[in-house]
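Novice: Kindly generate the corresponding structure for this input.
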Amino acid sequence: ATYFGSMHLAPNKVLVDSIVRLGQRAVVGKVSMDRESPDNYIEETQQGLADAEDFVEYTLSQQCSRVMPCITPRFIPTCTMESMKGLAAIARKYDCHVQSHISECCGEVSFSRHLHPEHRCDALVFDEAGLLTNKSLMAHGTLLDDDAIRLLVERGTSVSHCPLSNFFLGDACFRVNHTMNLGLKVGLGTDVAGGISASMLTSIRMAVVNARCLRAHKLAIKGGFDDKRTARFEVTPDMEVDVISFKEGLYLATMGSAKAICIDDKVGSFEVGKEFDALLVDVNVPGGPFDIFDGDSMEDQFEKFINLGDDRNIVEVYVQGKCVKRGDDFTGDVIKPVPVEPSSEKKRKAAE
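Specialist: From the prediction side, this is the model:
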């Protein structure tokens, strides 16, 4: 998981403690915001930077290789350039992840242009601040143009596709295939604050729906007529370029997301030598959400789980080869953290 925590330092430390104790793998950040925010939910710039660094140091002090700290400017409207540059310096010092929101809706983009008229897009603002790195993950990106996408690709920055949240924000659909064809790393997210579900299964399904909406939009724009205005409701090949299946949705949730946060050398697939992060799924669970019939192939059963399954089908959850959840019971209270690899620790100290 990647977590946007709260703005407050103490609760974020509790969040880290809980993640470590329960055996979860996570990138987690304390949200930073020093402008254009409610009076009771805003921080002074220098104190915010001090708290962000304190949080990074606290998370690293846990010596848990599956929990990584993350610099988290909420988004451009709520972060001054001074804050963003200071946060970028902390990220460089500790070689840690960065996460934020980028080009997510018309209101946000317009307000960011108002605040930074010297830049034509969010990507250039983040780039000036030094927040576009190969460990940066930006949510949404529905309004990124090709030049901005190419800048993200050049910097190694990835985008977390949050389809259900994007539908609620309501201004655009993310073009998964187009952006990946330009070389962008794309993972899958929920952004539950903007949507209604924290389920990755729901996100997979909504990613497929998002792609079908792009296809339907092209057909609607064409209006059911050919170039000679002859009525002809026909789906042409150019309308299919955005379509993805449940298999591509699964890729975004697994290997795509691992690449997006630069841990694809450890997880994301069952390749020999990687750490075993996995779900044990029972498609025949009593009282389950779908039926299995004689003649259903393994792929049929798997597709039913992706499209119809829920937590009732998930029998066990494994992280780093250890079972951390069995049924409704968390077993993580007995999980001991696997220490950070010495090479990673040396790299961090060298960066200080």
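Novice: Any stretches of the stretch 101-250 of the chain with poor pLDDT?
Specialist: For the stretch 101-250 of the chain, the stretches with pLDDT under 70 are 223-233.
Novice: which residue ranges form the strands in it?
Specialist: With DSSP state E, counting those that start in this stretch, the ranges of strands along the stretch 101-250 of the chain come out as 136-140, 158-161, 185-188.
Novice: Surely L182 and E154 touch.
Specialist: No - taking CB atoms under 8 Å as the definition, L182 is not a contact partner of E154, at 10.7 Å. In short, each C-beta sits where N, CA and C put it, glycine included.
Novice: could you pull out the helices for the stretch 201-350 of the chain?
Specialist: Ranges of helices in the stretch 201-350 of the chain, per DSSP state H, counting those that start in this stretch, are 246-251, 257-260, 298-308, 342-351.
Novice: By mean pLDDT, show me the worst of those helices.
Specialist: Mean pLDDT per stretch puts helix 342-351 lowest among the helices of the stretch 201-350 of the chain, at a mean of 53.
Novice: Show me this protein divided up by domain.
Specialist: 2-216+234-260, 278-351 (automatic domain parsing).
Novice: re the thing from before, L182 and E154: which has the busier surroundings?
Specialist: Shown here are L182 and E154; by other CB atoms under 10 Å, L182 has more neighbours (14 against 11).
Novice: circling back to that earlier point, please identify the deepest-packed of the domains of the chain.
Specialist: Burial of the domains of the chain is given as mean neighbour count (mean count of other CB atoms under 10 Å); domain 2-216+234-260 ranks first at a mean of 19.
Novice: what about it, start to end distance?
Specialist: With CA to CA, to the nearest Å as the measure, domain 2-216+234-260 spans 11 Å from end to end.
Novice: still on that earlier bit, out of the domains of the chain, nearest to E271?
Specialist: domain 2-216+234-260 (9.6 Å; CB to CB).
Novice: Off-centre distance for the closest one?
Specialist: With CA atoms, centre = their mean, to the nearest Å as the basis, domain 2-216+234-260 stands 6 Å off its chain's centre.
Novice: next one: stretch 246-266
Specialist: The answer for stretch 246-266 is 10 Å, by CA atoms, centre = their mean.
Novice: what's next to it, contact-wise?
Specialist: Residues outside stretch 246-266 that contact it (CB atoms under 8 Å, 6 or more residues apart in numbering): 2, 27, 97, 134-135, 137, 158-161, 176, 185-189, 200, 203-205, 207-208, 267-269, 274-275, 303, 306-307.
Novice: Endpoints of that stretch, how far apart?
Specialist: Stretch 246-266 has an end-to-end distance of 24 Å (criterion: CA to CA).
Novice: How about stretch 173-183?
Specialist: Counting by CA to CA, you get 18 Å between the two ends of stretch 173-183.
Novice: List of residues touching it?
Specialist: Outside stretch 173-183, the residues within contact range by CB under 8 Å, 6+ apart are 140-142, 144, 146, 149-150, 153, 159, 161, 163, 166, 186, 207, 210-211, 213-214, 217, 241-244, 248, 252.
Novice: again with stretch 208-216
Specialist: Identification of contacts with stretch 208-216 by CB under 8 Å, 6+ apart yields 161, 163, 166-167, 173-177, 235, 239-240, 242-246, 248-249.
Novice: sorry, back to before: save the domains of the chain as JSON lines, and put in distance to K222 too.
Specialist: Converted to JSON lines, the domains of the chain look like this (distance: least, CB to CB, whole Å):
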{"stretch": "domain 2-216+234-260", "distance to K222": "8"}
{"stretch": "domain 278-351", "distance to K222": "29"}
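Novice: Next up, the contacts around K304.
Specialist: 283, 290, 292, 296.
Novice: Let's see that with 10 Å instead.
Specialist: Going by CB atoms under 10 Å, 6 or more residues apart in numbering, K304 touches 283, 288-293, 296, 313.
Novice: swap in D242?
Specialist: By CB under 10 Å, 6+ apart, the residues touching D242 are 173-178, 210-218.
Novice: Repeat the analysis, applying 7 Å as the threshold.
Specialist: Shown in contact with D242 (CB atoms under 7 Å, 6 or more residues apart in numbering): 175, 177-178, 211, 214-215.
Novice: again, but for C105
Specialist: 169, 171.
Novice: measure it to A139 for me?
Specialist: Per CB to CB, to the nearest Å, C105 is found 11 Å from A139.
Novice: before we move on, what about A89?
Specialist: A89 is 22 Å from A139, where distance means CB to CB.
Novice: ok, now K247?
Specialist: 23 Å.
Novice: just I263 next, same as before
Specialist: Relative to A139, I263 is positioned 18 Å away (CB to CB).
Novice: ok, now A52?
Specialist: For A52 relative to A139 (CB to CB), the value is 18 Å.
Novice: check contacts around the residue nearest to K85 when sequence neighbours are not counted.
Specialist: Excluding its sequence neighbours, the residue lying closest to K85 (CB to CB, 6 or more residues apart in numbering) is A129, at 5.2 Å. The neighbours of A129, taking CB under 7 Å, 6+ apart as the test, are 81, 84-85, 88.
Novice: Equivalent analysis for I306, please.
Specialist: Counting by CB under 7 Å, 6+ apart, I306 touches 201, 204, 246, 250.
Novice: Then R35?
Specialist: By CB under 7 Å, 6+ apart, R35 lies in contact with 78-80.
Novice: and of the strands of the stretch 101-250 of the chain, who's closest to Y318?
Specialist: Going by CB to CB, the one of these nearest Y318 is strand 185-188, 19.7 Å.
Novice: Could you name the helices and strands sitting against that closest one?
Specialist: If you count contacts as 3 or more CB pairs under 7 Å, 6 or more residues apart in numbering; DSSP states H and E, strand 185-188 packs onto strand 158-161, helix 176-181, helix 200-222, helix 257-260.
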